[in-house]
Each structure stands twice: as C-alpha cells, then as structure tokens.
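Novice: Could you work out the structure for the sequence below:
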Amino acid sequence: MISAILSFFGITLIYTGFLASAHHVTTAIVVACAGLLLLVKPALEAVKLFRTQLGSASHSPRPRGAHRRAGTKTVYLKIVKSEDDKPTIH
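Specialist: Next up, the predicted model:
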C-alpha cells in the first residue's frame with residue numbers, strides 16, 4: 001500500500017517537474033529528482049519480491065549446485081525381554 005502511494009507521488013512529482021521545465025529549469029530538475037527518489041523504494045521492493053517469486057538462490061555459504069550430504073546415523077537396537085517374556089526392541 002505504501003509502495004503504491006510513493007509511486008503515485010513520485011510519478012506526480014516527475015510530471016510536475018516536466019511541466020515546470022519551460023519556466024524554471026532548476027526547479028524542474030529538483031522536483032524531478034525528488035520524484036525519482038520517491039520511486040526508488042517501491043522499485044527496490046518490487047525487485048526483491050520478483051527475486052523471491054522466481055526462487056533465486058539464497059545467500060548461503062554453500063556454492064550453488066553443491067549438495068549437502070546427510071551424515072550417517074548409527075542406530076543401535078537391542079532386543080530385550082519384557083516382563084511378559086515377549087521380545088521387544090529398544
């Protein structure tokens with residue numbers, strides 16, 4: 001929501017700078033730059049959202065394509081007799 005508002009005001013300021021360029025060049029440049037600054041934040045958020053939607057590589061310490069090998073687990077099973085003399089595994 002905030003991005004839409006910032007985009008609207010940024011575009012409005014750029015257009016205002018374009019309209020003011022015929023009479024006051026310095027004012028037009030300043031207003032247009034202010035409009036561009038307002039457009040930067042929504043643009044960066046859009047790029048961030050686009051990257052997450054594409055599933056780009058996360059910033060992990062492993063290089064891309066390297067697979068993490070699962071460590072071997074040693075499981076010890078012990079067959080014991082329970083109270084009713086039936087073997088059970090623990």
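Novice: now the helices for this structure?
Specialist: 2-20, 25-54 (DSSP state H).
Novice: Am I right that residue 3 is in contact with residue 44?
Specialist: No: counting by C-beta atoms under 8 Å, residue 3 does not reach residue 44; the two are 9.6 Å apart. From N, CA and C alone the C-beta is placed, and that goes for glycine too.
Novice: more crowded one of these two?
Specialist: More neighbours surround residue 3 than the other of residue 3 and residue 44, with 15 against 11 (other C-beta atoms under 10 Å).
Novice: I'd like the distance between the more buried one and residue 73.
Specialist: 47 Å (C-beta to C-beta, to the nearest Å).
Novice: Show residues contacting stretch 19-31.
Specialist: By C-beta atoms under 8 Å, 6 or more residues apart in numbering, the list of residues contacting stretch 19-31 from outside reads 13, 14, 16, 17, 18.
Novice: Give me the spatial nearest neighbour of residue 38, chain neighbours excluded.
Specialist: Spatial nearest neighbour of residue 38, excluding adjacent residues (C-beta to C-beta, 6 or more residues apart in numbering): residue 10 at 3.4 Å.
Novice: which among the contacts of stretch 19-31 end up buried?
Specialist: Buried by 16 or more other C-beta atoms under 10 Å: 13, 14, 16, 17, out of the contacts of stretch 19-31.
Novice: Please consider this matter closed, and thank you.
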